[in-house]
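S.K.: Sequence and computational prediction follow.
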Amino acid sequence: MLRLLSFALFLVSWWIAALFVGGAKLPSPPAVLEVMIAEASSGALFLHLGATLARVALAFVLAMSLGSAIGYLMGRVRLADRLGDPWLILLLNLPALVVIVLAYIWAGLTETAAIAAIAINKLPTAVVTLREGTRALDRSLDEMASVFAMPRWRAFRHVVLPQLAPYIAAAARSGLSLVWKIVLVAELLGRPNGVGFEIGVAFQLFDTPRLLAYSLTFAAVVLVIETLLVQPFEARTTRWRPRAA
Amino acid sequence: MRLEVDITGKTFTSAAGGTHEVLAPLKFALCPGEVGVLIGPSGCGKSTMLRIILGLDGDFRGHIARPPQARIGMVFQEPRLLPWRSVEQNVRLAAPDVTEPKLSELFRILELEAHRSHFPGELSLGLARRVALARAFAVEPDLLVLDEPLASLDDALAGRLRDEIAMLVARRPVMTLLVTHSLDDAIRLGDRLFFLSPRPARIVQELPIAIPRAARSEAEIAAIRTELARRIQAEQGDVHAGRDVS
């Protein structure tokens, strides 16, 4: 209920702002909706959204699984931490644009290059978060598992993983928002489809309603995925915790 | 198969770089079915010794002979339950082979029946300790280690829990190592008492109790206690005398 109210407030302020600024710079909500419907009925909207979502999914899964594994290793093994740390700092501070441009130059304007570039941008934050999580693991529970001779996999699943879950959720949450942002840049620079490509076209034509139609649909999809996938996962992994008042 | 502990020394390097002797040369053995009790002042190195015996700390001088592939049941000082698993799951994860009747009986004896599906965060310390006990007994251990299982509980509760432990140990004889600083617990639960000195710990006195645990009457327990108190007094007297002379 409160969420709906908040959304309504957003629409109202947009509409008022549009009245003041004028339709060329900021079209009103109905004008944008009209473009959305037109794009949706032609199928183009779903095509571009689908392409973008597929890239997001692939890059996200790749970066999360690789990043979690590397982060866990760096948190557990001192040598890995020492060796990996300079790379990590380099990757963390490398601008996304540099990675994307280099990927396109080295691997051509291909799907692989785009997905790899997006994944490389997200990777270091996942590594850092998971490394912190691994460092914060409760050693006394490790000892308990070892005294009771729990097999490795069972101990990992029931003792380690639940402790890492909040860190994985945090990495997923921040990583997803990073991927959402970067994917559009990668598409704008070197892909013939996707929301980023469409926004590039709209920018060249100064077609603000089209630009907003694509960005807002995209934002809506992000919101839906956050509420339907990420938040229930978080709620499930933390159900044993006492609720905050 | 016996448990033989022969530690010749253990040093601990502090964060500041200094080294401390935690354990002095220390030697004792336990027979199957026997309950050994380690009694010593706080901070004397009992927990360090337990960690060595359990194989959690390999950085010591000496030798530990444990039955090969001995199943270990352990009750840590803090319950060390998995907060994200229910009471029943906590027990089952440590003891995957436990049968339902056996589990129900354990929960009945430890008065945990109503708490099976609760999470450890919802339990009081006394209940959490009981879950830790259930977990340790559910594995049907060859070696049971209890590290101050009654600490920081009020007297009535500690007494009840002590009786429950006695009952569980009596039902299935198991080589047990109990750490406590309560003389009373030691006399009621133990077969062989080891008195430890302050840090670096060594065994000051080893004292077997001849009367079987189940057969000890209140009068006999009181008699053992007086006898022990007298001996400890004498021992401390010696120590003080020795110190005065030097």
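M.R.: Noted; the coordinates are in hand.

S.K.: How about residues contacting the helix or strand containing A:T217?
M.R.: Assigned by DSSP states H and E, A:T217 belongs to helix A:208-225. Contact with helix A:208-225 is made by A:24-27, A:31-36, A:39, A:45, A:48-49, A:52-53, A:176, A:180, A:184, A:195, A:198-199, A:201-203, as judged by Cβ atoms under 8 Å, 6 or more residues apart in numbering or on different chains. Heads up, the C-betas are built off the backbone N, CA and C, glycines and all.

S.K.: As CSV, could you dump the C-alpha coordinates of that helix?
M.R.: The C-alpha trace of helix A:208-225 is given here as CSV (Å, rounded to 0.1, in the frame of the first residue of the first chain):
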residue,chain,number,x,y,z
THR,A,208,12.7,11.7,-25.6
PRO,A,209,9.4,9.8,-25.4
ARG,A,210,11.1,6.7,-26.9
LEU,A,211,14.1,7.1,-24.6
LEU,A,212,11.8,7.2,-21.6
ALA,A,213,9.6,4.4,-22.8
TYR,A,214,12.6,2.1,-23.0
SER,A,215,14.3,3.2,-19.8
LEU,A,216,11.1,3.0,-17.8
THR,A,217,10.1,-0.4,-19.0
PHE,A,218,13.6,-1.5,-18.2
ALA,A,219,13.4,0.0,-14.7
ALA,A,220,10.1,-1.7,-14.2
VAL,A,221,11.6,-5.1,-15.1
VAL,A,222,14.5,-4.4,-12.7
LEU,A,223,12.0,-3.6,-10.0
VAL,A,224,9.9,-6.7,-10.6
ILE,A,225,13.0,-9.0,-10.6
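
S.K.: A:S13: helix or strand, and which one exactly?
M.R.: Using DSSP H and E, A:S13 sits in helix A:2-21.

S.K.: ok, the most centrally placed residue in chain A - contacts?
M.R.: Geometric centre of chain A, nearest residue: A:L176, 1.3 Å, by Cα atoms, centre = their mean. Contact analysis of A:L176 by Cβ under 8 Å, 6+ apart lists A:V56, A:F60, A:V222, A:I225, A:E226, A:V230.

S.K.: Kindly recompute the last result at 10 Å.
M.R.: Each residue near A:L176 by Cβ atoms under 10 Å, 6 or more residues apart in numbering or on different chains is listed here: A:V56, A:F60, A:M64, A:K122, A:V222, A:I225, A:E226, A:L229, A:V230.

S.K.: Skipping its backbone neighbours, what lies nearest the fourth one in space?
M.R.: Same thing as A:K122. Distances taken as Cβ to Cβ, 6 or more residues apart in numbering or on different chains place A:A63 nearest to A:K122, at 3.9 Å, with adjacent residues excluded.

S.K.: from memory that neighbour sits against A:L130, does it?
M.R.: No: with contacts counted by Cβ atoms under 10 Å, A:A63 stays clear of A:L130, the gap being 11.4 Å.

S.K.: How far off centre is the lengthiest strand in chain B?
M.R.: Longest strand in chain B by number of residues, with DSSP state E as the criterion: strand B:3-13. For strand B:3-13, the distance from its own C-alpha centre to the chain's C-alpha centre is 17 Å (Cα atoms, centre = their mean, to the nearest Å).

S.K.: ditto for stretch A:210-223
M.R.: Here stretch A:210-223 is found 15 Å from its chain centre; the criterion is Cα atoms, centre = their mean.

S.K.: cool, stretch A:171-185 as well?
M.R.: 3 Å.

S.K.: Show me what counts as buried in that stretch.
M.R.: Under the neighbour-count criterion of 16 or more other Cβ atoms under 10 Å in any protein chain shown, stretch A:171-185 has A:A171, A:A172, A:R173, A:G175, A:L176, A:L178, A:V179, A:W180, A:I182, A:V183, A:L184, A:V185 buried.

S.K.: ok, these vs B:R202, which is closest?
M.R.: Nearest to B:R202 out of those is A:A171 (Cβ to Cβ; 50.0 Å).
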